[in-house]
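In: next comes the sequence, and after it the predicted model I'd like to discuss.
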Amino acid sequence: MTMTQSATIETARLVLRPISREEAEHIAAGSRDGRLWSEGYPRGDDQDVARMLLGMAPPADPLFGPLQVALLGSGTVIGGIGFMGPPDADGTVEIGYGVAPEAEGRGYTTEAVLALLHWAFTVGGVRRVIATTALDNYGSQRVLDKAGLTLTRSDETLHHYEITRTNG
């Protein structure tokens, strides 16, 4: 995995990159306009994130904002991942993610989550990452388990997960 100066994270198969304002406008509108997007991208959640991004100032560090998940070789965008903002006073961030249906079941989401966790704990100054998933979203639960997050509690609609940095 490499972290480049251009605010991207590369893994063996993926590149995680910030979403530009222009790209957010296309995502929000669902306007492919010649863009290299997989068939099922953007999902409704991707469009919601793009609309939120358009309504706020860019984060000081673009890697604490929403990122597109693209295949490294082709550049095809298959989904999104990101934090819900920079770390709070305790060093906690919340992560969210999703990939297009045709990209599910291939390990891409786990690979992206692991890369973002690595960046958060080694470069981003994060001490704890939290996530939630619907009770019936078994795929997301598997991703969080594989990425090392621990189920901490459940309520009537969500499972709550977290992972804490173990070194310094």
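Out: Yes, it's here. Residues are numbered from 1 along each chain as shown.
In: from what I can see Thr157 touches Leu135, true?
Out: Yes: with contact defined as C-beta atoms under 8 Å, Thr157 reaches Leu135; the gap is 6.5 Å. (Each C-beta comes from the backbone N, C-alpha and C, glycine too.)
In: the more surrounded of these two?
Out: A count of neighbours by other C-beta atoms under 10 Å puts Leu135 above the other of Thr157 and Leu135, at 12 against 9.
In: show me the contacts for the more buried one.
Out: Listed by C-beta atoms under 8 Å, 6 or more residues apart in numbering, the contact set of Leu135 reads 154, 157-159.
In: check the spatially most central residue of the chain and give its pLDDT.
Out: Nearest residue to the geometric centre of the chain (C-alpha atoms, centre = their mean): Ile81, 1.4 Å. Note for Ile81: predicted pLDDT of 97.
In: state the three-state secondary structure for it.
Out: Applying DSSP: H, G, I helix; E, B strand; the rest coil to Ile81 yields a three-state assignment of strand.
In: for the protein, which segments count as helices?
Out: Taking DSSP state H as the test, the helices found in the chain are 21-29, 44-54, 108-122, 138-146.
In: kindly format the C-alpha coordinates of the last one as CSV.
Out: To tie it back to what came earlier, the one meant is helix 138-146. What follows is helix 138-146, C-alpha atoms only, in CSV (Å, rounded to 0.1, in the frame of the first residue of the first chain):
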residue,chain,number,x,y,z
TYR,A,138,-24.2,-9.5,6.7
GLY,A,139,-21.8,-8.5,3.9
SER,A,140,-20.9,-5.3,5.8
GLN,A,141,-20.6,-7.2,9.1
ARG,A,142,-18.1,-9.6,7.4
VAL,A,143,-16.1,-6.6,6.1
LEU,A,144,-15.8,-5.1,9.6
ASP,A,145,-14.9,-8.5,11.1
LYS,A,146,-12.2,-9.1,8.5
